[in-house]
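Participant: pasting the sequence and the predicted coordinates here, then a few questions.
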Amino acid sequence: MGPRAEHPQTAQGQQVGRPAEPPAVELRAVRRLYGRGEGAVQALRGIDLVLPRGSFTAVMGPSGSGKSTFLQCAAGLDRPTSGEVLLGGEPITGLSERRLTELRRSRIGFVFQSFNLLPSLTVQQNVLLPQRLAGRRQDRRRAKELLAQVGLGEHAGRRPGQLSGGQQQRVAIARALITEPEVVFADEPTGALDTRTAQEVLGLLRRAVDTLGATVVMVTHDPVAASHADRVVFLADGALAGALHGPDPRTVADLLVRLTSAAAGHAGSGHGGTAYGGTGHGGTAVAA
Ligand SMILES: Nc1ncnc2c1ncn2[C@@H]1O[C@H](COP(=O)(O)OP(=O)(O)OP(=O)(O)O)[C@@H](O)[C@H]1O
């Protein structure tokens, strides 16, 4: 079990009055190659990134730039071809499948575009599922508190099918937080929601960071969603192409357009079926 956020933190994740703790997640020279030889695709070309505790990071980039691969490698769902991923300062790259599964259940929270709730379980049972799978005591009081925090205190006994999409995603957020994970990975969490509901869900992720000290990493295509984060990091052609701190939607959208047109300029250069698969190194440097 890794260290927990048990002491005061600023919104940026710096601890007050304690020696610096390791970041929630760190990627060191992470590369991911798909396939071999001529047809090989370099999905990640050597990513170095630190995700501080208590921070909210959005990951953006053109289609095919490596966002999903990044998320999968950072969350221990996929193994980098080389390089290292550290969770709470511990390298996870060489762990066995079994240890990785345990670690994902107990130390990482997930929020998906399609909610991924179990339809036969009640809302509360869904929230408690990560504790159940991790073989921990199921903390019903905590589940109720989290459901109240996401505005679903009255719905604990319902089934997911009786809830709206936005409500289901709020259940998923409560579920992601129940184990007090070191980091929550959210993959297009607002992709299936209307604008207003999306804002509510983003507000909840923001609150989880600000009030619970959670660390959130969110892949999104939406500049407005990204502007809820403390920082947006941009990927282009498998490499980091810059970062924006305190992002506003317009600046994010402008940068994304620039990266997307640069990537489109490389299209067709041999990356096997990816609209924006280029051969360059994501050289569009933006404000870091
Ligand atoms: N299983 C795979 N086998 C071969 N190539 C893959 C595989 N998965 C991804 N790729 C390639 O790796 C590159 C990065 O893909 P990835 O899905 O990470 O991009 P993305 O930024 O998430 O794209 P999108 O926004 O379209 O979801 C692309 O060139 C893609 O075609």
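Facilitator: Thanks, I have it. If you're wondering where the values come from, they're calculated on a predicted model, not measured in any experiment. Numbering: from 1, shown residues only.

Participant: which bits of the stretch 51-200 of the chain sit near the ligand?
Facilitator: Within reach of the ligand by C-beta under 6 Å from any ligand atom, the stretch 51-200 of the chain has these residues: 61, 63, 64, 65, 66, 67, 68, 69. For every residue, glycine as well, the C-beta is placed using N, CA and C.

Participant: list the contacts for residue 232?
Facilitator: 57, 58, 59, 60, 226, 243, 244, 247, 252 (C-beta atoms under 8 Å, 6 or more residues apart in numbering).

Participant: name the SS class of it, please.
Facilitator: Classification of residue 232 by DSSP: H, G, I helix; E, B strand; the rest coil places it in strand.

Participant: for the residues of the stretch 51-200 of the chain next to the ligand, which one is nearest residue 140?
Facilitator: Using C-beta to C-beta, residue 68 is the member of those that sits closest to residue 140, with 34.4 Å.

Participant: in which helix or strand does the most centrally placed residue in the chain reside?
Facilitator: Taking C-alpha atoms, centre = their mean, the centroid of the chain lies closest to residue 185, which sits 2.6 Å from it. Using DSSP states H and E, residue 185 maps to strand 183-187.

Participant: and that strand, how far out from the chain middle?
Facilitator: With C-alpha atoms, centre = their mean, to the nearest Å as the basis, strand 183-187 stands 3 Å off its chain's centre.

Participant: do stretch 161-168 as well
Facilitator: 22 Å.

Participant: buried residues in that stretch?
Facilitator: 163, 165, 166, 167, 168 (16 or more other C-beta atoms under 10 Å).

Participant: hmm, the helix or strand where residue 235 lies touching the ligand?
Facilitator: If you go by DSSP H and E, residue 235 is part of strand 231-236. No - judged by C-beta under 6 Å from any ligand atom, strand 231-236 makes no contact with the ligand; its nearest approach is 6.5 Å.
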